[in-house]
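Student: From the sequence below, what's the structure:
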Amino acid sequence: MWIAFAFGAALFAGITSILAKIGIRNVDSNLATALRTWVVLIFSWLMVFVVGSQNTIAALSGKSLLFLLLSGLTTGASWICYFRALQLGDVNKVTPVDKSSNVLTMMLAFVFLGERLTWINAIGMVVIAAGTYMMIQKSKSEKAASAVRRSWLVYACLSALFAALTSILGKIGIEGVESNLGTAIRTIVVLLMAWLIVFVQKKQGEIKRIDRKSWLFITLSGLATGLSWLCFYKALQDGPASVVVPIDKLSILITVLFAFVFLKEKLSLKSTAGLVLLTAGTLLLLLKG
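Tutor: Down below sits the predicted model:
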């Protein structure tokens with residue numbers, strides 16, 4: 001059953017990228033992150049009360065609470081970097097870098113969680129790295145762009161790093177914890193972190209200038225994120241991180257499709273070949289070696 005939840009997480013994560021890209025076009029990325037986190041928070045706590053896991057809060061161990069808080073911090077950092085990267089670069093280039101975090105996640109899982117590394121896993125990681133490199137190669141026009149516009153790559157790489165740490169910390173933190181409750185607790189940390197950055201940057205005054213369309217897509221992206229999280233952490237609780245994470249990263253296929261349909265972003269021949277490699281490498285990671 002955890003495989004179904006992992007694929008559900010991939011579906012909603014793919015939708016999130018497109019909704020968020022549209023929603024933050026005219027909004028500061030940190031402010032948009034803080035606003036959409038409210039939606040995720042409300043949705044996640046609603047699910048906690050639906051399943052009745054609020055009664056288990058008092059039984060949480062210190063270790064579980066610590067790792068849930070740490071995973072919340074890394075999630076917040078990943079979100080802030082990811083949505084800044086989306087604001088600066090194309091979805092079809094930002095997403096492959098972010099999704100390559102599954103390679104780092106698997107390496108960390110092998111080291112800290114004792115999950116086995118096989119030769120098929122190793123080949124899969126090399127293929128993913130090659131595919132990611134091909135997808136982010138710049139065209140001639142992009143090479144002429146300013147350094148500020150190219151800075152999306154730095155933010156995307158940081159997003160991938162924090163996302164990998166999130167998966168490992170989250171896996172440890174939700175052991176013995178109902179997955180919806182774990183997600184809800186982590187979301188509180190993300191919300192506090194996001195709003196702290198907004199107030200430090202004095203961006204809160206820009207809320208009144210957000211147009212109706214941006215509000216709609218920020219809200220929808222928050223709902224999609226909430227659904228993705230609930231599915232992902234339920235899958236992570238029941239299945240191995242080295243399998244759940246690669247399935248989740250297949251959301252890139254949905255993102256690329258939606259980017260073509262709604263954002264008119266087209267893949268070059270090299271990027272298409274890179275996408276094929278990235279997908280093939282991800283599927284290799286699902287095989288038992």
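Student: contacting residues for Gly72?
Tutor: Residues in contact with Gly72 (Cβ atoms under 8 Å, 6 or more residues apart in numbering) are Ile185, Arg186, Thr187, Ile188, Val189, Val190, Met193. (C-beta placed from N, C-alpha, C; glycine too.)
Student: Next one: it from Asn30, what distance?
Tutor: 16 Å (Cβ to Cβ, to the nearest Å).
Student: And Leu287, by the same measure?
Tutor: As for Leu287, its distance to Asn30 is 40 Å (criterion: Cβ to Cβ).
Student: the more surrounded of these two?
Tutor: Asn30 (22 against 12; other Cβ atoms under 10 Å).
Student: Would you agree the more buried one is in contact with Gln87?
Tutor: No: if you go by Cβ atoms under 8 Å, Asn30 and Gln87 don't touch, sitting 9.8 Å apart.
Student: Show me where the chain has its helices.
Tutor: 2-23, 29-51, 62-88, 91-99, 101-112, 119-135, 140-143, 147-150, 152-173, 179-200, 212-238, 241-249, 251-262, 269-285 (DSSP state H).
Student: Glu206: which of those helices is closest?
Tutor: With Cβ to Cβ as the criterion, Glu206 lies closest to helix 29-51 of those, at 5.8 Å.
Student: hang on, the earlier thing: just among the contacts of Gly72, which is most surrounded?
Tutor: Arg186 (30 neighbours).
Student: Identify the spatial nearest neighbour of that residue, chain neighbours not counted.
Tutor: Gly72 (3.9 Å; Cβ to Cβ, 6 or more residues apart in numbering).
Student: Over to Gly170?
Tutor: The nearest residue in space to Gly170 (Cβ to Cβ, 6+ apart) is Ser71, at 4.2 Å.
Student: In contact with that neighbour, which residues are there?
Tutor: Leu165, Thr166, Leu169, Gly170, Gly173, Arg186.
Student: Mind picking the two most distant members of the residues you listed?
Tutor: Maximum distance among those (Cβ to Cβ): 12.7 Å, for Leu165 and Arg186.
Student: In contact with Trp2: list those residues for me.
Tutor: Here Trp2 is in contact with Lys234, Ala235, Gln237, Asp238, Gly239, Val244 (Cβ under 8 Å, 6+ apart).
Student: And for the third one, the neighbour number?
Tutor: So that's Gln237. 20.
Student: residue contacts, it?
Tutor: Neighbours of Gln237 in contact, by Cβ under 8 Å, 6+ apart: Trp2, Ile174, Glu175, Val177, Ser179, Gly182.
Student: Filter these down to just the buried residues.
Tutor: Buried positions within the contacts of Gln237, assessed by neighbour count (16 or more other Cβ atoms under 10 Å), are Trp2, Ile174, Val177, Ser179, Gly182.
Student: Between the residues you listed, which sits nearest Thr95?
Tutor: Nearest to Thr95 among these, with distances taken as Cβ to Cβ, is Trp2, at 23.9 Å.
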